[in-house]
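Participant: Take this sequence and fold it.
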Amino acid sequence: MATERPAAVEQHTIYQIPHDERHGTFRDLFTIWFGSNIMMLTIVTGALATTVFKLDFLASLLAIAIGNFVGAIFMALHAAQGPRLGVPQMVQTRGQFGSMGAVLVVGIVIIMYVGFLASNIVLGGQSLHSIIPGVDEKLFIILIAAISVVATIFGHDLIHAYTRFLTFASGAALALTFIWMIFVHGLPAGVLRMNGFTIAGFCSMISVGALWQIAYAPYVSDYTRYMPHDTGAVPAFWASYLGCSLGSILPMILGALLGLVAANGDPVTGLTAYTGAAAIPIVLVFSVGIAGTNAMNLYCGVLSTITLLHTFAPQWRAGPAARIVTAIVITLIGLGIALFAAGNFLETYTNFILLLLYVLVPWTAINLVDYYLVRHGNYEVESFFTAAGGVYGRYNRLAIGCYLFGIVIQLPFVDTALYTGPIARMLGGIDLSWIVGLAVVSPVYYVLAKRHAPRLAAA
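Facilitator: Sure, this is the predicted structure:
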C-alpha cells in the first residue's frame, strides 16, 4: 500500500485510483471533516439562528444539533463509495444519470463549490481585517484566495495533512474562545433569555443545519477514493458522521452565541470584541482554517469541472497541468464574486444556502438509493469514462425525471425571501421542503428503478 505524500503534487485527476496507490485509514475521515468545519463560515452559519431566525440560545442549540445530526446521516452514507469505486463523486453520478444526463447535476455542484469558495474568501478577508484594520480588506481576501489555490495545486494528500493539523489547532482555538468569552470577558446578564422561540425559526434553523451537511455530499468520495478498497463501510460512515457533525455543531453554537451578544449581531466583529487579547491568535487560526476548507471546495470544484469538460471531450486525458490551470481559473472567478459580494454578504449567503437545499436533496436521495438499494455498490467504472456512457447510456430519463420531480415537489413547502410556497405560507413560514424531497424521491426512485430497470439491480 502506498504512503501519503503531502509535499508532492498530486498526479491524478478524475480517473480511478489504482489499488497500489491507495492509502490512509478511516480515522483520516474524522480529521478531514472535523478540522475543515471549524472556521468562520460555520460560525456565521450558526449565527443565523439568533440573527435571522431570532431564536433564543437554547432553541438555537437544539435546532443546530438536530439539523446537523440528521443531515450528516446522508452525508456520511456517501463515504463508502470512494474506497469501493475509486473515483470522484460527480464521476460516479454518471452511473445514475448517464454520461450526458449527469451534466445538469455536475453543473449545479460546480456553482455550489464556487459559491462556498467566494463565501469563505469573503469571511477570511473580513476576519483578518477585524484584527488588522489598517490593511485593506480586499488585500486579505486576495491573500486567502492565493493560499487556497496553492493547497489545491498540491492536492489530495496535502489537504488531508492540513486538516489533521486544523483538527488540533482549530479545536484548541474554539475551546479557547468559549473559555475566554464565558470566564474571562463574561457574558451579558440574561443572555439565555434574549430573543425567543418560534416554530418557523426553529424549523428553518434545523433546515440550515441539515443542508450544511447535505451540501458536503458531493464532496465525500473525493476524499475517500484514495483509501484501500477493503475500507469498511461502517467505520467510514461513523468517522465521517462524527467528524462532520461535531465539527459543525460546536462552531455553530459559538456563532449563535455571538449573534446574541455582538453589536449588530455581527459574529466576526463580536468574536474580536469578546476574546480581547486572545483575538489575534484565535482569528488567525480560524482564518487559516478557512484557507484549508477553501482548498477542499476548490479541489472538488476542479474535479467536477474536469468531469464536465470530459463529458464533451471524452478522448481528453486530463492530467495534473489541467487540474492546476482549472484551479487558477475557478479561483479567479470566486475571487471576483467575493470582491463584489463582500458588502451584503450575510443576505447573499442566506439566499444561497437555501437555494442549495432544493437542488441537492433529490440528488443525494437518488444517489444513495441507487448505490445501496438498487445496485448494492456494483458499478462498471470503465463505463463512466466512455463517450456513450457504456452500460449507463447517455441519459437515464428515470433518474433525471425523479430529480426534476424532486425539485418541483419541494416548491409548495419552500419559504424564502424570494418565494414562499402555499403550504409553507399556510404553516406560518415553516420550511419542510428538504424533508418532503427526501421522503418522496427516495421511495419513488427505488420503485421505478426496480420496476423499469431490473437489470440495474442485478448489475
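Participant: How many residues are close by Arg323?
Facilitator: 24 (other CB atoms under 10 Å). In short, each C-beta sits where N, CA and C put it, glycine included.
Participant: What is the helix or strand hosting Leu77 packed up against?
Facilitator: Counting by DSSP states H and E, the element that carries Leu77 is helix 57-77. With contacts taken as 3 or more CB pairs under 8 Å, 6 or more residues apart in numbering; DSSP states H and E, helix 57-77 sits against helix 40-51, helix 199-214, helix 233-261, helix 345-369.
Participant: And the strands in the stretch 251-400 of the chain, which stretches?
Facilitator: Taking DSSP state E, counting those that start in this stretch as the criterion, the stretch 251-400 of the chain carries no strands.
Participant: in this structure, which helix has the most residues?
Facilitator: For the chain, the helix with the greatest residue count under DSSP state H is helix 279-312.
Participant: picking up where we left off before, buried set for the helix holding Leu77?
Facilitator: The neighbour-count check on helix 57-77 (16 or more other CB atoms under 10 Å) flags 57, 59-72, 74-77 as buried.
Participant: for stretch 385-404, same thing?
Facilitator: Buried, per 16+ other CB under 10 Å, within stretch 385-404: 385, 389-390, 392-396, 398-400, 402-403.
Participant: List the ones among those that fall in helices.
Facilitator: Filtering the buried residues of stretch 385-404 for helices - DSSP H - leaves Leu398, Ala399, Ile400, Cys402, Tyr403.
Participant: what's the residue lying closest to the third one once chain neighbours are set aside in contact with, if anything?
Facilitator: With CB to CB, 6 or more residues apart in numbering as the criterion, Ile400 has its nearest non-adjacent residue at 5.0 Å, and that residue is Gly101. By CB atoms under 8 Å, 6 or more residues apart in numbering, the residues touching Gly101 are Arg94, Arg394, Tyr395, Asn396, Arg397, Ala399, Ile400.
Participant: if we go to 7 Å?
Facilitator: Arg394, Tyr395, Asn396, Ala399, Ile400 (CB atoms under 7 Å, 6 or more residues apart in numbering).
Participant: Can you report how many residues lie near Phe405?
Facilitator: When neighbours are defined as other CB under 10 Å, Phe405 has 16 of them.
Participant: That one is in what secondary structure piece?
Facilitator: In the assignment (DSSP H and E), Phe405 maps to helix 397-410.
Participant: Residues in contact with whatever helix or strand comes next after that helix: which ones?
Facilitator: Downstream of helix 397-410, the next assigned helix or strand under DSSP H and E is helix 422-426. Residues from elsewhere that reach helix 422-426, judged by CB under 7 Å, 6+ apart: Pro412, Phe413, Val414, Asp415, Ile430, Asp431.
Participant: tell me the contacts of Pro320?
Facilitator: Contact analysis of Pro320 by CB under 7 Å, 6+ apart lists Val9, Glu10, Gln11.
Participant: how far does the helix or strand hosting Val105 sit from the chain's center?
Facilitator: For Val105, the host element (DSSP H and E) is helix 102-131. Using CA atoms, centre = their mean, to the nearest Å, the distance from the centre of helix 102-131 to the centre of the chain it belongs to is 10 Å.
Participant: what packs against it?
Facilitator: For helix 102-131, the elements it packs on are helix 40-51, helix 137-154, helix 267-275, helix 279-312, helix 320-341, helix 345-369, judged by 3 or more CB pairs under 7 Å, 6 or more residues apart in numbering; DSSP states H and E.
Participant: Based on its surroundings, how many neighbours for Ser300?
Facilitator: Actually, residue 300 is Cys rather than Ser. Cys300 is flanked by 28 other residues according to other CB under 10 Å.
Participant: from memory it sits against Tyr219, does it?
Facilitator: Yes: counting by CB atoms under 7 Å, Tyr219 is a contact partner of Cys300 at 5.1 Å.
Participant: related to what we said a few turns ago, now the residue nearest to Ile400: how far from Ala72?
Facilitator: Distance, Gly101 to Ala72, using CB to CB, to the nearest Å: 28 Å.
Participant: Return the distance of the closest residue in space to Leu360 that isn't next to it in sequence relative to Leu308.
Facilitator: Leaving aside its sequence neighbours, Leu360 sits nearest to Ile214 (CB to CB, 6+ apart; 5.4 Å). If you measure Ile214 against Leu308 using CB to CB, the figure is 21 Å.
Participant: Cool, thanks, signing off.
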